[in-house]
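A.B. asks: I would like the atomic coordinates for the input below:
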Amino acid sequence: MRATWRRTANCGPRTSWEKRLFAQAYLAAFPDAHPEVTLLIAQGNYVVAHITATGTHTGPLSTPTGSSIAATGKLVVMKASETHELQDGKIFRSWSFADLASLLGQLGVMPPM
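C.D. replies: Numbers count the residues shown, from 1 in each chain. Got it, this is the predicted structure:
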């Protein structure tokens, strides 16, 4: 089953289901993905992680519109940030930001930024 990640215009916190769909779609496109946490900050009920992920684009990359980008074989580097709000020791709410413009530029489907 191919994961399809669709995101509405709502830029609010992602649900756990949306996060799972995004991760499945990303790993299908970059099965050798290697994420590295480059910064981790915890304060009060919040944890923030900055992540640098590398991987080779060997599978179709699903887009939020439901289309996909065919494998290019290119090695890419993607920067991202996750912010988690904790409640009762569990993740209550999450926000994720990724530099998708840079990723699309590295794949050659958008002019480099």
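
A.B. asks: contacts for the helix or strand that contains G105, please.
C.D. replies: Mapping G105 onto the secondary structure by DSSP states H and E places it in helix 100-107. Surrounding helix 100-107, the residues in contact under the criterion CB atoms under 8 Å, 6 or more residues apart in numbering are 57, 61, 69, 72, 74, 76-79, 110-113. C-beta: built from backbone N, CA, C; applies to glycine.

A.B. asks: list the buried residues for it?
C.D. replies: Applying a neighbour-count criterion of 16 or more other CB atoms under 10 Å, one finds S102, L103, L104, Q106, L107 buried in helix 100-107.

A.B. asks: let me know the closest of the contacts of helix 100-107 to Y46.
C.D. replies: The shortest separation between Y46 and any of these is 19.7 Å, and it belongs to K79 (by CB to CB).

A.B. asks: mind listing what's buried along the lowest-mean-pLDDT helix or strand in the chain?
C.D. replies: In the chain, no helix or strand scores lower on mean pLDDT, DSSP states H and E than helix 16-29, which sits at a mean of 85. Buried residues in helix 16-29, counted by 16+ other CB under 10 Å: E18, K19, L21, F22, Q24, A25, Y26, A28, A29.

A.B. asks: low-confidence stretches in the protein?
C.D. replies: 1-14, 112-113 (pLDDT under 70).

A.B. asks: by residue count, tell me the biggest strand in it.
C.D. replies: The strand spanning the most residues in the chain, taking DSSP state E as the definition, is strand 75-87.
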